[in-house]
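Asks: Pasting a predicted model and its sequence here:
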Amino acid sequence: MPTYDYVCHHNGRTLEVRHAMSHRVATWGELSALAGVDAADTPADAPVEKVLGTGGVVRSEHLGSGVAPACGNPNPCCGGGACGYLG
C-alpha cells in the first residue's frame, strides 16, 4: 500500500499515512484519524495537501542500510509477485 505525506498549513504539521491510491484525504480530521493521532486544536475541516507519494516499496531509511526489502527477499522487490518470492 502506498505511503503518502500530507501537510496541514493551518497547524504546520506533516503526517505520513498509508492508503489505497484511489483514496482521497482532504481534511485534517480525515488525516489525523487515518494516522491515529489526536486532532488537538486544529479544526477537523482544515484542508490538507498531499506533498509526496513514495509508493511504499522501500522506505528511504533502508536505502543503502543493508536491511532487506519489505518482501524479505535480499534482491529488489517487484510488484505483482513477479520476482518469484513465495515467502
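Replies: Good, I have the coordinates.
Asks: Which stretches in this structure count as helices?
Replies: Using DSSP state H, the helices of the chain run over residues 28-35.
Asks: for it, what are the low-confidence residue spans?
Replies: Applying pLDDT under 70 to the chain flags the ranges 52-87.
Asks: ok, now how distant is residue 26 from residue 44?
Replies: As judged by Cβ to Cβ, to the nearest Å, residue 26 and residue 44 stand 11 Å apart. Just so you know, the C-beta spots here come from the backbone N, C-alpha and C atoms, and that holds for glycine as well.
Asks: Tell me the bridge partners for residue 47.
Replies: For residue 47, the beta-bridge partners are residue 27 (DSSP bridges).
Asks: Surely it touches residue 25?
Replies: No - assessed by Cβ atoms under 8 Å, residue 47 is found out of contact with residue 25, at 10.0 Å.
Asks: Which residue of those two possesses the greater neighbour count?
Replies: A direct count of neighbours by other Cβ atoms under 10 Å for residue 47 and residue 25 places residue 25 higher, at 19 against 13.
Asks: what are the ranges of the strands in the chain?
Replies: 3-8, 13-18, 49-53 (DSSP state E).
Asks: want to throw those strands into TSV with distance to residue 35?
Replies: Supplementary listing: the strands of the chain in TSV, determined by distance: least, Cβ to Cβ, whole Å:
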stretch	distance to residue 35
strand 3-8	9
strand 13-18	5
strand 49-53	13
